[in-house]
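[1] predicted model and sequence follow; I will ask about them next.
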Amino acid sequence: MKKMLQTDRMEQWLILWAVNVLFIWKYMSRTSYSPLIGIVFFSCLFFILSIVYPRLKNYASSLLICSLIATIALIVLLLYKIEPLSVNVDRWSATTYFLDGLFSGIYPYGIHTHVCETNFPSPFPLWHYVNIPFWLMGDVGIGLIVFLLLFVGSVNWFTKSHTQTLLVLLLLMISPAYWWEVMVRSDGLSNAILVFCIILLMEKNNWSFDKHWIITAIICGMLASTRLSAIIPVAIYLTRSFFLNSITRQIKIILLIALVVFFFFMPYIFWDTENWVFFSRNPFMSQSSTGNGWILLLMAVIAIILALRYRNFQQYTRYTSCFLFLFFCISLLYNHLVYHSDIPFFEDADFDVSYFTLLFPYCLLTITYPKSNSR
């Protein structure tokens, strides 16, 4: 068992390293510096942390606080220094412009982002509502700080270990992919963190379809009302408990989830009952604009197999991390080779490596988990 756990951790270290290398390769290629310099520097930093970290355990509590303060300070500095409209990534404006339109009485899913007139807000309604407090404070980028605190606090609460939490934070601090999220004010990882923290809450309280089906179905409906990508880790986590219910209960669960999702989408569906603008411009069009049905079917089968195989929470986080990595690799490579094979990978606008950051919470926890949990 101990050897297997060490293998699992090594696998997750490699996934984390590979994701960050993709970011370095893509974005340093646009500078005058060779990506190889960045990859070698990051790899050395990565290796040094893996060697030095065991010696830091006696100072975990103090280092955790200092590291958290330093990370927040750097986030604040970057938010202050970087003008969001100068960045050719539209996640900041997708949320900001949506809320601007919503509170001005303009159909918000019809407002294009600052990048171009063909880019529209893609997050689902509930995620925009989550960002309202940050929008009211003047910058939805403030959410990066709040979700960092939520992530670190939830991991520390779940693991009851400053040592594990410190490693999670240090790995995040040295990840170029994370700092890319901060510099462009991306909300993708923040959304994934919210989903992850709610799954930790469900695991801690033993909420599932076979024991607390109503609250679990409501939570699923709410998370599905943030982004399509939120469905993947929740589905892997809850599939087995779903099948433990009777057919009648399963139908009730599906209907309740659908009702919750409909509740959040209803104002936009009925925003304009004359022209039914929702059916000409809605977030599903943005989130499902690329892809292949056969790939989706294959990945759904793999996800179900993994969902039925995991036996403890460490296996769950490992399987989810691996699945997300595999899913994004296959999807992005397919879309590139089929539609844009005539241009280099990293010049393809649809080859969006930012999706890989969605696996970070599951990958990081798997790396730091000391032993398997029984369910």
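    That came through fine. Residues are numbered from 1 along each chain as shown.
[2] who are the packing partners of the helix or strand of the chain at the bottom of the mean pLDDT ranking?
    Within the chain, no helix or strand scores below helix 283-287, which has a mean of 83 by mean pLDDT, DSSP states H and E. Contacting helix 283-287 under the criterion 3 or more C-beta pairs under 8 Å, 6 or more residues apart in numbering; DSSP states H and E is no other helix or strand. Any C-beta I mention is one placed from the backbone N, CA and C, and that applies to glycine too.
[3] run through who's touching the next helix or strand after it.
    Note on helix 283-287: by DSSP states H and E, the next helix or strand toward the C-terminus is helix 293-309. For helix 293-309, contacts defined as C-beta atoms under 8 Å, 6 or more residues apart in numbering pick out 232, 235-240, 243, 315, 319-320, 322-323, 326-327, 330-331, 334.
[4] what's the spacing between the next helix or strand after helix 293-309 and its chain's center?
    Counting by DSSP H and E, the next helix or strand C-terminal to helix 293-309 is helix 313-339. Centroid displacement of helix 313-339 relative to its chain, using C-alpha atoms, centre = their mean, to the nearest Å, is 13 Å.
[5] likewise stretch 219-231?
    12 Å.
[6] and what of stretch 131-147?
    With C-alpha atoms, centre = their mean, you get 17 Å for stretch 131-147.
[7] try stretch 270-281
    In this view, stretch 270-281 has its centroid 30 Å away from the chain centroid, taken as C-alpha atoms, centre = their mean.
[8] what does the average pLDDT come to for that stretch?
    For stretch 270-281, mean pLDDT is 94.
[9] neighbouring contacts of stretch 278-291?
    Stretch 278-291 has contacts (C-beta under 8 Å, 6+ apart) with 107, 109-110, 119-124, 227-228, 268-272, 331, 335, 339, 350.
[10] hmm, back to that, for the least confident helix or strand of the chain, buried residues please.
    Neighbour-count burial for helix 283-287 flags 283, 286 (criterion: 16 or more other C-beta atoms under 10 Å).
[11] so which residues of the stretch 1-150 of the chain form helices?
    2-28, 35-52, 60-81, 91-102, 125-130, 132-136, 143-159 (DSSP state H, counting those that start in this stretch).
[12] format those helices as a markdown table; extra columns: mean pLDDT and mean neighbour count.
    Output for these, formatted as a markdown table (pLDDT from 0 to 100; neighbours: other C-beta atoms under 10 Å):
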| stretch | mean pLDDT | mean neighbour count |
| --- | --- | --- |
| helix 2-28 | 85 | 17 |
| helix 35-52 | 92 | 14 |
| helix 60-81 | 96 | 14 |
| helix 91-102 | 95 | 22 |
| helix 125-130 | 98 | 21 |
| helix 132-136 | 97 | 16 |
| helix 143-159 | 97 | 19 |
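[13] next, format those helices as CSV and append distance to I302.
    As requested, the helices of the stretch 1-150 of the chain are exported to CSV (distance: least, C-beta to C-beta, whole Å):
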stretch, distance to I302
helix 2-28, 16
helix 35-52, 28
helix 60-81, 35
helix 91-102, 28
helix 125-130, 26
helix 132-136, 36
helix 143-159, 26
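[14] of these, which is nearest C363?
    Nearest of those to C363, taken as C-beta to C-beta: helix 2-28 at 4.9 Å.
[15] so which other helices or strands are in contact with the closest one?
    For helix 2-28, the elements it packs on are helix 35-52, helix 176-183, helix 313-339, helix 360-368, judged by 3+ C-beta pairs under 8 Å, 6+ apart.
[16] for the ones you listed, which one ends up most surrounded?
    Mean neighbours per residue, mean count of other C-beta atoms under 10 Å, is largest over those for helix 360-368, with a mean of 26.
[17] I'd like to know which elements that helix is packed against.
    Going by 3+ C-beta pairs under 8 Å, 6+ apart, helix 360-368 lies up against helix 2-28, helix 143-159, helix 162-173, helix 188-205, helix 313-339.
[18] other residues contacting the third one?
    Yep, that's helix 162-173 we're talking about. For helix 162-173, contacts defined as C-beta under 8 Å, 6+ apart pick out 16, 49, 53, 56-57, 60-61, 63-64, 67-68, 70-71, 148, 151-152, 155-156, 159, 178, 360, 364-365, 367-370.
[19] swap in stretch 325-344?
    15, 18-19, 232, 290-292, 295, 299, 302, 345, 348, 350-353, 355-356, 358-359.
[20] ok, 10 Å please
    Stretch 325-344 is contacted by residues 11-12, 14-16, 18-19, 22, 29, 229, 232, 289-292, 294-296, 298-300, 302-303, 345-359, 362-363 when judged by C-beta atoms under 10 Å, 6 or more residues apart in numbering.
[21] for PyMOL, write a command that selects the buried ones of the residues you listed.
    In PyMOL, this line selects whichever of these come out buried by 16+ other C-beta under 10 Å:
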select buried, resi 11+12+15+16+19+22+229+232+299+302+303+345+346+348+351+352+353+354+355+356+357+358+359+362+363
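[22] next, the most far-flung residue of the chain relative to its centre: secondary structure please.
    Distance from the C-alpha centroid of the chain peaks at E274, with 36.6 Å (C-alpha atoms, centre = their mean). Classification of E274 using DSSP: H, G, I helix; E, B strand; the rest coil returns coil.
[23] need phi/psi at it.
    phi -90, psi -50 (degrees, to the nearest 10).
[24] ok so, going back, could the helices and strands packed on helix 360-368 go into TSV alongside distance to W92?
    Below are those laid out as TSV (distance: least, C-beta to C-beta, whole Å):
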stretch	distance to W92
helix 2-28	17
helix 143-159	10
helix 162-173	20
helix 188-205	11
helix 313-339	22
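[25] nothing else from me, thank you.
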